[in-house]
Every structure is written in structure tokens, then in C-alpha cells.
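Undergrad: Sequence and predicted structure below; questions after.
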Amino acid sequence: MNGRQAHEPSRQYRQPQRLWDDATRHARSLGCPTCLERDRCGGVHTDVGILDCQDLCTCADKSKCDMVCRFNPARFVAQMHEVRGLDFENAPRTIANGVPALPLVVPFVDHRYGRAALLDEPVVAISLYELVNMATGKVHVASRDELAARFLIPSGAHVVVSGVDKDGPIERWWELKDRRAILAELKALGVTMITTPNYSVLTDVPRTDNLHAMKRILLAWTEMAGAGLVAALHVNGRTERDYDRWGTLIAARPEIEVLAFEFATGGGRGERIDWHVAQLCALANRVGRPLAIIVRGGGRKLEELQRHFVKVSLIETEAFARTIRRRRGYFTEAGRLKWAKSPTPHGAPIDELFAHNVSVVRAAHEAPRGPTLVSRPLPRRARRTADGHGEAVQPGLLREFDMAGQAGGVAPQPQGVIAAAKA
């Protein structure tokens, strides 16, 4: 069996929620008052036995530590120069670029594969990392028509570019040498909004790693806003102090008008989603001027956010993900959104299924307390066919699904559209 690499942590936390920082439940670690970063950091308050956050670096060979960590001094100094220190105050200023009028639900379109027709939606979201080649730094499209063809969306649709992704793609974005030229091309394409990369603010790393990630988020925002794009600042945070710092910065910079947050991973787990929502709402109250926010995940928290933000929009990814897995959304008699298997013939396009799922999920968010949609209940078990194989649980019933005032749909089959491979 291969041993753990020298630069990888040797300590694993079987209950990662014990690393969640909560100053209302846990005392500050004993080593925090003497730390050089105590003012920026605010200290750690966790349910694990650590003297301070440096105990979270458990690399066997600390000289090879690849976190932002003082145990690897040469790398640490280079990382500090990279972001010009961990303070927010020295980040460049920009001008305000306005707030677009986005709907509550913005469907996410990851790619065009398996589809043949346009998704007839006036506003859509796409991934920054599907729009830009992260290896070459080249934008995949040169015009709105090419953009529409690449994602099979209307050429006149308002496009929100999401910077949320896994660590690999967002790290490659930071490594690109000519991001300003890329952003100028995105500006020329007329994208409606872009959200910054969500550099990870992890719980099992030294706090310097968190502070470095937050500074990179801010610098990425200044680049995007400086290019004239409407940019949403992704306010990742691990502690209450992190949100305090974001709030102070935003209050002092009126050019920051839109925030972003991602609940689909760590921030949306268990009771932690409530903590993050409370911090976001408190931040909005502190700033003292209207703020908009666009989120990925956390759809069940939209109403709470709407009480504190002047505008809330959700980049809705579930409809696309369920469609790719051949699932069809329907409402139970109690008004709950459920998903049933909906296999398609081999090679058949999934456009109708995708448009249907977008409409159903939108309705679920727009009328969360009592949807006016009704579908017939689905059988709990598959029927057995003559050859003994299970038949899919959805014929007839889901095809008869009817939704009053269904929004969105599939545009007529375009002529001469040629399916192209990813560039």
C-alpha cells in the first residue's frame, strides 16, 4: 500500500463539522492571542483540540506543504507577494457598473450535448470554465451567435457567467497570464453579469490559507469590475470575523453592489447553511445600503435572503443535472417536487425534458409554500414486463403532466445546426 505523500495532511477528521467555527459555542483557541494574524483572523473557535490553526498543518514534510502556510517560508513569502499581502485595503478601486434586473430563478446550462434545439429562456447562466479554455486562455467563442450555438441558447438571451467550480478550474483561472484581455472579450460579448471564482475557504487548513483565498477573490473581482463587467463578489468566509471584514470592505466601497455565494457544497451542509445565511443577512444589514445577491444552491433559503437583500437570484443547476440523468420533475398532491426516471430512446434529444424540468423547478421556487401545479401520483414500483424486466415508472402519467401557465419551452427545431465537439 502506498504511503501518504509528504505534503498531504496526516490527520483526518471523521467529524468535519467539529471544525466549523462558531464563537457562540466554542472558546477561542489558546494560541490565537499571540498570533501575527489575530486582528485579521479573529481567532478560531472550534470543537477540536488544537492550540491554534497552525496545528491544522499536519504535513509529514512541512517544507513541501502546498497550503498558504508559514511552515514553508519560501513558498509563503511568494504567496504573500502574489496577492500583495492579506489586507483588503490595498485592492484597487473601481467604478460601479450597475445591477441588472435578473429573475428569481436563472437556469444553468452546462453544455449542449444531447440537445438539438434552443432552450427558449430569456436569461441563462453558463460556466466561466466552459466559456474560456483554461489551458490556452482563449475564449471559445468570438460572437453572440457563436455563444448561442455553443450552448444552444437564444442569441439575445441575457447571460450570467458563473465562476463557481471545483478547485482545479478556478486555480487555472488564477494562473492565466492575460486575464484582462479575456475579460475584455467577455465584455465585448455583452454578458450580463459575471461572478468571481469561489476560491476555497476550508476548515481544515491554517487561517492564512483562508485569508489568502479571500484576497484572491477580491482581486479577481477588481479585475472583472475594472473591465466594465457587472461583477458579483463571492463572499466566502469561515468565521464571523471573515464576514465582518467583508462587511467593512463593502460598506466602504459603494462600487460593490452585488454579492455571490455558493451553498451547493460545504456552505449548504446541515445546520451550517443556517449559520452562513445568518452571516450574509447580518452583513447586508451592516452595510447600510441596498445590496443584491446571486446564489448557487440554497434554494430553500431564498425567502430569508429576500428580507435582507434588495434583489435575490438563484443560479439553478438541478434542472440541468436531473435532465442529464434522465429524471423528470413532478409535483405530488401535497405540492412537493419529486423526480421520476424518464429514460429517452438512444440518440433522442433531451430538449423537451430539459425545458419541462426548468419550468417545474422555477415554479417550485416561485411558489414554495403552495404550488398550483398538480400531477397524478406515480406508482411506487416498476411493473414487470413479459420478459421479466422492469418497465420505467413513468409512461402515460408524466406525459399527461399539465402545468397551468408553464413558462419557457423549446424553440422550433433549428435548421442546419451541426453538433460540434467541445473546443
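TA: Cool, the structure landed. Numbers count the residues shown, from 1 in each chain.
Undergrad: what bridges to the residue lying closest to Thr317 once chain neighbours are set aside?
TA: Using Cβ to Cβ, 6 or more residues apart in numbering and skipping residues adjacent in sequence, the residue nearest Thr317 is Phe108, 4.4 Å away. Placement of C-beta: from N, CA and C, glycine included. Assessed by DSSP bridges, Phe108 has beta-bridge partners Ala125.
Undergrad: neighbours around Phe108, how many?
TA: 21 (other Cβ atoms under 10 Å).
Undergrad: Next up, the contacts around it.
TA: Going by Cβ atoms under 8 Å, 6 or more residues apart in numbering, Phe108 touches Val124, Ala125, Ile126, Ser127, Ser162, Arg296, Ile315, Glu316, Thr317, Ala319, Phe320.
Undergrad: Tell me which residues touch the first one, please.
TA: Right, the one you point to is Val124. Val106, Pro107, Phe108, Val109, Phe151, Ile153, Ala157, His158, Val159, Val160.
Undergrad: which of those lies closest to Phe331?
TA: Pro107 (18.1 Å; Cβ to Cβ).
Undergrad: Tell me the secondary structure of Ile294, please.
TA: Following DSSP: H, G, I helix; E, B strand; the rest coil, Ile294 is assigned to strand.
Undergrad: neighbours around the nearest residue to it once chain neighbours are set aside, how many?
TA: Spatial nearest neighbour of Ile294, chain neighbours left out: Ser313 (4.6 Å); criterion: Cβ to Cβ, 6+ apart. Ser313 has 26 neighbouring residues, counting by other Cβ under 10 Å.
Undergrad: Secondary structure element holding Ser313?
TA: strand 311-316 (DSSP states H and E).
Undergrad: could you give the angle of that strand to strand 292-296?
TA: Computed by axes from the mean of the first three to the mean of the last three Cα atoms, to 10 degrees, the angle separating strand 311-316 from strand 292-296 equals 20 degrees.
Undergrad: what lines up beside strand 311-316 in the sheet?
TA: Here, using DSSP bridges, strand 311-316 pairs with strand 105-107 (parallel), strand 292-296 (parallel).
Undergrad: So which residues make contact with that strand?
TA: 99, 102-108, 125, 160, 162, 164, 292-296, 298-299, 302, 305-306, 358, 361-362, 365.
Undergrad: please redo it, this time with the cut-off set to 7 Å
TA: For strand 311-316, the surrounding residues in contact (Cβ atoms under 7 Å, 6 or more residues apart in numbering) are 99, 102-108, 125, 160, 162, 292-296, 299, 302, 305-306, 361, 365.
Undergrad: mind exporting that strand as CSV, just the C-alpha atoms?
TA: Output of strand 311-316 as CSV, limited to C-alpha atoms (Å, rounded to 0.1, in the frame of the first residue of the first chain):
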residue,chain,number,x,y,z
LYS,A,311,-32.6,41.5,-5.1
VAL,A,312,-32.0,37.8,-4.9
SER,A,313,-31.4,35.4,-7.8
LEU,A,314,-30.7,31.7,-7.9
ILE,A,315,-28.5,30.1,-10.5
GLU,A,316,-30.5,26.9,-10.6
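Undergrad: next SSE after that strand?
TA: As assigned by DSSP H and E, the chain's next helix or strand after strand 311-316 is helix 318-324.
Undergrad: Just the buried residues of that next one, please?
TA: Glu318, Ala319, Phe320, Arg322, Thr323 (16 or more other Cβ atoms under 10 Å).
Undergrad: now that helix, how far from the chain's geometric center?
TA: Here the centre of helix 318-324 is set off from its chain's centre by 15 Å, with Cα atoms, centre = their mean, to the nearest Å.
Undergrad: on contacts alone, who are the packing partners of it?
TA: In terms of contacts (3 or more Cβ pairs under 7 Å, 6 or more residues apart in numbering; DSSP states H and E), helix 318-324 is packed against helix 351-366.
Undergrad: Counting neighbours, show which residues of the helix it packs on come out buried.
TA: Buried-residue list, helix 351-366, by 16+ other Cβ under 10 Å: 351, 353-365.
Undergrad: Just want the phi and psi numbers for Gly297.
TA: Dihedral pair for Gly297: phi 80, psi 180, per degrees, to the nearest 10.
Undergrad: Tell me the spacing between it and Arg172.
TA: 23 Å (Cβ to Cβ, to the nearest Å).
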